[in-house]
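Engineer: what's the 3D shape of this:
(one chain, ligands or ions: 1)
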Amino acid sequence: MNTIRAFVSIRIAVALIAVAVSTGVLAETLPRSPAPDGARVYILSPKSGEVVTSPVTVVFGLSGMGVAPAGLNVEGTGHHHLLIDVAIPDPGKPIPADDQHRHFGKGQTEATIELAPGRHTLQLLLGDHLHIPHDPPIASEPITITVE
Ligand SMILES: [Cu+2]
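Structural biologist: Okay, here's the model as predicted:
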């Protein structure tokens, strides 16, 4: 009888974990680094509305906190991520790494990127040592540029 009861409670526990994973409850418990008061990230160059040619050098600006390479857990720091033609991702998870989410985990403060002709939206998002946005997220205003 006790064995059956234990077996049933294990099954319930497994089912609850499955629900937690599928609804993202566990994912949202990932520890996030606190955003320092007044921290701000912005794109120094190019300016929004500018017409440019590819490759484009994007200069990152940051105030109220420091830049540290990925993997280095230092309070009040982070590294830059450039979002290209994409909305801010789920701040409860590590920032994806692909063509639209570029990581600058060496602590770079500018990047030269190839862009196809046309209009593009660029936005910076800071991530902590584990590539997770701070709490609350530190993101720049998005800018729109036109590549000739
Ligand atoms: Cu990153």
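Engineer: wait, what's in contact with the residue most central in space within the chain?
Structural biologist: The C-alpha lying nearest the average C-alpha coordinate of the chain belongs to Ile95 (Cα atoms, centre = their mean; 3.8 Å). Counting by Cβ atoms under 8 Å, 6 or more residues apart in numbering, Ile95 touches His81, Pro89, His101, His103, Leu125, Gly127, His131, Ile132, Pro133. In this view, the C-beta of every residue, glycine as well, is placed from N, C-alpha and C.
Engineer: where's it relative to Val147, distance?
Structural biologist: Per Cβ to Cβ, to the nearest Å, Ile95 is found 24 Å from Val147.
Engineer: can you give me the mean pLDDT across the lengthiest strand in the chain?
Structural biologist: Counting residues, the longest strand in the chain under DSSP state E turns out to be strand 118-127. Mean pLDDT, computed over strand 118-127, is 98.
Engineer: That one: which residues count as buried?
Structural biologist: His120, Leu122, Gln123, Leu124, Leu125, Leu126, Gly127 (16 or more other Cβ atoms under 10 Å).
Engineer: For the third one, give its distance to Ala68.
Structural biologist: With the distance defined as Cβ to Cβ, Gln123 ends up 21 Å from Ala68.
Engineer: And the strands in the protein, which stretches?
Structural biologist: Using DSSP E, strands in the chain cover 40-45, 51-52, 56-63, 66-67, 77-84, 101-104, 110-113, 118-127, 143-147.
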